[in-house]
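Visitor: have a look at this fold, sequence not included:
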Ligand code: SF4
């Protein structure tokens, strides 16, 4: 079955509130990059039905940026990174609050704060706590 055809079938199932099978979900993940816009178009039909053009705005306050003592190779905030990210130590509580209020004023429904490695990862738990 051509890509558009099976995506049409999958979108029709979703519009009928029917879950994809495991194989169908895996087929989406395994699709070629060349098919990506077809996947987006199929997903948009479902989104349009249930959510229209509404979006939900979340706002992230980065309470510390760059200067992480860890060295996760992929991360722009890692120790020794040459990436052009902002670098600053912990914001003061009143600065965090002011940023959060700016987000809410801008229409955010949820405000999160994210410190680079707020809780220092341990050797057994190297996952970032951002
Ligand atoms: S701990 Fe988090 S912020 Fe720090 S380098 Fe790793 S991924 Fe980046």
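Guide: Ah, there it is. Keep in mind it's a predicted model, so treat the numbers as computed, not measured.
Visitor: drop to CA atoms for contacts and neighbour counts, all remaining ones
Guide: OK.
Visitor: what sits opposite the residue sitting nearest the centre point of the chain in the beta ladder?
Guide: Computing the C-alpha centroid of the chain and ranking residues by Cα atoms, centre = their mean puts residue 58 first, at 10.6 Å. Counting by DSSP bridges, residue 58 is bridged to residue 110.
Visitor: test my guess that it contacts residue 106.
Guide: No. Because the distance of 10.0 Å does not satisfy Cα atoms under 8 Å, residue 58 is recorded as not touching residue 106.
Visitor: just the helices in the chain please.
Guide: Ranges of helices within the chain are 3-15, 22-29, 36-51, 93-105, based on DSSP state H.
Visitor: just put those helices in JSON lines and tack on mean neighbour count and distance to the ligand.
Guide: Putting those into JSON lines (neighbours: other Cα atoms under 10 Å; distance: least, Cα to the nearest ligand atom, whole Å) gives the following:
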{"stretch": "helix 3-15", "mean neighbour count": "17", "distance to the ligand": "35"}
{"stretch": "helix 22-29", "mean neighbour count": "12", "distance to the ligand": "25"}
{"stretch": "helix 36-51", "mean neighbour count": "15", "distance to the ligand": "28"}
{"stretch": "helix 93-105", "mean neighbour count": "15", "distance to the ligand": "18"}
